[in-house]
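>>> Just a sequence and a predicted model for now, questions to come.
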Amino acid sequence: MAVSANRLELLQIADAVAREKVIDREIVLAAMADAIQKAARSRYGSETNIRADINSKTGEIRLQRLLEVVEKVEDYSTQIALELARDRNIEAKIGDFIADPLPPMDFGRIAAQSAKQVIVQKVREAERDRQFDEFKDRVGEIINGTVKRVEYGNVIVDLGRGEGIIRRDEMIPREAFRYGDRVRAYVYDVRREQRGPQIFLSRTHPQFMVKLFTMEVPEIYDGIIQIKSVARDPGSRAKIAVISNDSSIDPVGACVGMRGSRVQAVVGELQGEKIDIIPWSSDPAAFIVNALQPAEVAKVVLDEDAERIEVVVPDEQLSLAIGRRGQNVRLASQLTGWDIDIMTEAEESERRQKEFNERTNLFMDALDVDEMVGQVLASEGFAAVEEVAYVDLDEITSIDGFDEDTAQEIQTRAREYLEKIEAEMDAKRKELGVADELRQIDGITTQMMVALGEDGIKTIEDFAGCAADDLVGWSERKDGETKKFEGLFSKFDVSRAEAENMIVQARLSAGWITQDDLAAPAEEEVAEEAGQAE
């Protein structure tokens, strides 16, 4: 057969390309067949349906023209009548294809060039698919490579069978690489793109440190010690929380190693980044105290709903707890997932005194009592007039110096004050045009109705269109810091669950949903649980 290479050379070329590009030999032969088909169409007509087959053992090339069997022929180059088709194959029917052998052909210069482009394109696509398939399963691993070039601060790394990129923001600050340097990095993403698979590497990712410790500490590799969380300020400082599943093994000591050998190996790879290894605890307060090391903590106050904690430290420990440019407290916050407010003992004392004075003044104004009585109520733990008005009378009479008549008088004044405030709020609510029907919702107070009216929510339908976030607010966490957004009911003591219940009541009253709609999800959960049990 007159082709540009004999059969043996054709197979040798396919084998060589397959080995060089590390792709399947059959893919190369299929690319060659496509190229031959394209070249044959340039000779026999682009509208002709041509199929080329290459025998993978002998290298023989066979060209065929495929003709579709039809009732009435409209295009003789691609179709054949049913009668003529049955002369060749008695079982032929409409829709089948008849293969018509074509004679061997010589490839002209243009046809050969075109065939070469097809082969190159197909092989390149196969190579890209192979690279993607190989590296997509390596996301989350540490990989070694050689610096190939540096472009605009981004480092291109030769990984052997592919190229990865360490972007400038994924490199440790003040770190510089040159051509030929060996580099170790964490594979955090692999994407299939037009120009081929993009392998994104990082040396600043928190998991890079986790993987380094896993390589250096056998107990972590074996699962005896777990790394619960990591926070990094790349190139400067990091905190890592560890816990041991074996009470006989100290997790911190195992990670530090003999004379610090293990942690120093990680520090060396991270360009001298200081690492605080902290024992993890299920108790948030204890964990946060550990996370703020080396600072000493005198007292902690947790707000679990807001995931916020106030930490009180001795005056001389404040700068150590905060760290340079807030680094220590920022890393501790990232590590624990809690917002941390740090204050000194003097600041806390000052704040408590301020709160005490505010409560004293509140009771003096609302109950029309002197300063001493106001201070006594505040010191006994009363924080609001409502508490004084509706607490059991015995709790007030149990206070030294308060007899039953005094306690009764104080409660009467508290209730009169609340009734006065209620009347003022109701008048304001009517002025804002807030409908009376909102009172039907359990938990809604007149003050809440005023807050709703000031935001333009005046009817059941308006309230039914609200989300829980609109009422109680929400928070967004970014770069280890949480930003809080206030809701309409943020100044009232309303939980998210209570807000959601109010919205459900409003939607029932507005006719947006029915009791059946509320029951359906519960029934589905029961059925799902029953299925899992079986």
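Alright, I've got the coordinates.

>>> residues touching the closest residue to Lys274 other than its chain neighbours, list them.
Using CB to CB, 6 or more residues apart in numbering and skipping the chain neighbours, the partner closest in space to Lys274 is Arg237 (4.7 Å). Yep, even glycine has a C-beta here, placed from its N, CA and C like the rest. With contact set as CB atoms under 8 Å, 6 or more residues apart in numbering, Arg237 has these partners: Glu273, Lys274, Ile275, Asp276, Gln327, Asn328, Leu331.

>>> beta partners for Arg237?
Note on Arg237: beta-bridge partners by DSSP bridges are Asp233, Lys274.

>>> follow-up on the earlier one: and of the contacts of Arg237, the nearest to Ile50?
Glu273 (62.9 Å; CB to CB).

>>> Report the contact partners of the closest one.
Neighbours of Glu273 in contact, by CB under 8 Å, 6+ apart: Ile172, Arg232, Pro234, Gly235, Ser236, Arg237, Ala238, Val267.

>>> would you turn these into JSON lines with distance to Leu29 and pLDDT?
JSON lines is the format used below for the contacts of Glu273 (distance: CB to CB, whole Å; pLDDT from 0 to 100):
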{"residue": "Ile172", "distance to Leu29": "47", "pLDDT": "89"}
{"residue": "Arg232", "distance to Leu29": "50", "pLDDT": "91"}
{"residue": "Pro234", "distance to Leu29": "49", "pLDDT": "90"}
{"residue": "Gly235", "distance to Leu29": "51", "pLDDT": "86"}
{"residue": "Ser236", "distance to Leu29": "55", "pLDDT": "90"}
{"residue": "Arg237", "distance to Leu29": "57", "pLDDT": "91"}
{"residue": "Ala238", "distance to Leu29": "52", "pLDDT": "91"}
{"residue": "Val267", "distance to Leu29": "53", "pLDDT": "91"}
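
>>> Can you pull the poorly scored residue ranges out of the stretch 351-500 of the chain?
477-482 (pLDDT under 70).

>>> Met171 versus Gln264, what's the distance?
Between Gln264 and Met171 the computed distance is 22 Å (CB to CB, to the nearest Å).

>>> Can you pick out the residue with more neighbours from those two?
For Gln264 versus Met171, neighbours defined as other CB atoms under 10 Å are more numerous around Met171 (23 against 14).

>>> which element is the closest residue to Glu175 other than its chain neighbours on?
Spatial nearest neighbour of Glu175, excluding adjacent residues (CB to CB, 6+ apart): Gln271 at 5.7 Å. Of the helices and strands defined by DSSP states H and E, none includes Gln271.

>>> mind listing what Gln271 touches?
With CB under 8 Å, 6+ apart, Gln271 has these contacts: Ile172, Arg174, Glu175, Gly235.

>>> shouldn't the last one be in contact with Leu270?
Read it as Gly235. Yes: with contact defined as CB atoms under 8 Å, Gly235 reaches Leu270; the gap is 7.3 Å.

>>> Mind listing the shared neighbours of those two?
Counting by CB under 8 Å, 6+ apart, the shared contacts of Gly235 and Leu270 are Ile172.

>>> Have a look at the two and say which one is more surrounded.
Leu270 (22 against 18).

>>> so that one touches Ile172, yeah?
Yes: in this structure, Leu270 is within contact of Ile172 by CB under 8 Å, at 6.6 Å.

>>> between those two, what contacts are shared?
With CB under 8 Å, 6+ apart, Leu270 and Ile172 have common neighbours Arg203, Pro234, Gly235.

>>> could you check the distance from Leu84 over to Ala298?
100 Å.

>>> before we move on, what about Thr146?
53 Å.

>>> what's the answer for Ile240, then?
In this view, Ile240 and Ala298 are 25 Å apart by CB to CB.

>>> And those two? Which one has more around it.
Ile240 (24 against 13).

>>> List the contacts of that one.
Ile240 makes contact with 209-210, 213, 227, 229-231, 255, 275-278, 335 under the criterion CB under 8 Å, 6+ apart.

>>> switch to 6 Å and redo it
Going by CB atoms under 6 Å, 6 or more residues apart in numbering, Ile240 touches Val230, Ile277.

>>> Can you tell me the SS state at it?
Three-state assignment for Ile240 (DSSP: H, G, I helix; E, B strand; the rest coil): strand.

>>> right, and the helix or strand after whichever helix or strand Ser349 is part of?
Assigned by DSSP H and E, Ser349 falls within helix 345-367. Following helix 345-367 in sequence order, the next helix or strand is helix 371-379 (DSSP H and E).

>>> so where's the stretch 151-300 of the chain uncertain?
Across the stretch 151-300 of the chain, the ranges flagged by pLDDT under 70 are 194, 196.

>>> switch to 80 and redo it
161-162, 192-197 (pLDDT under 80).

>>> what are the ranges of the helices in it?
All helices of the stretch 151-300 of the chain, identified by DSSP state H, counting those that start in this stretch, fall at 206-216, 218-221, 251-256, 261-269, 284-291.
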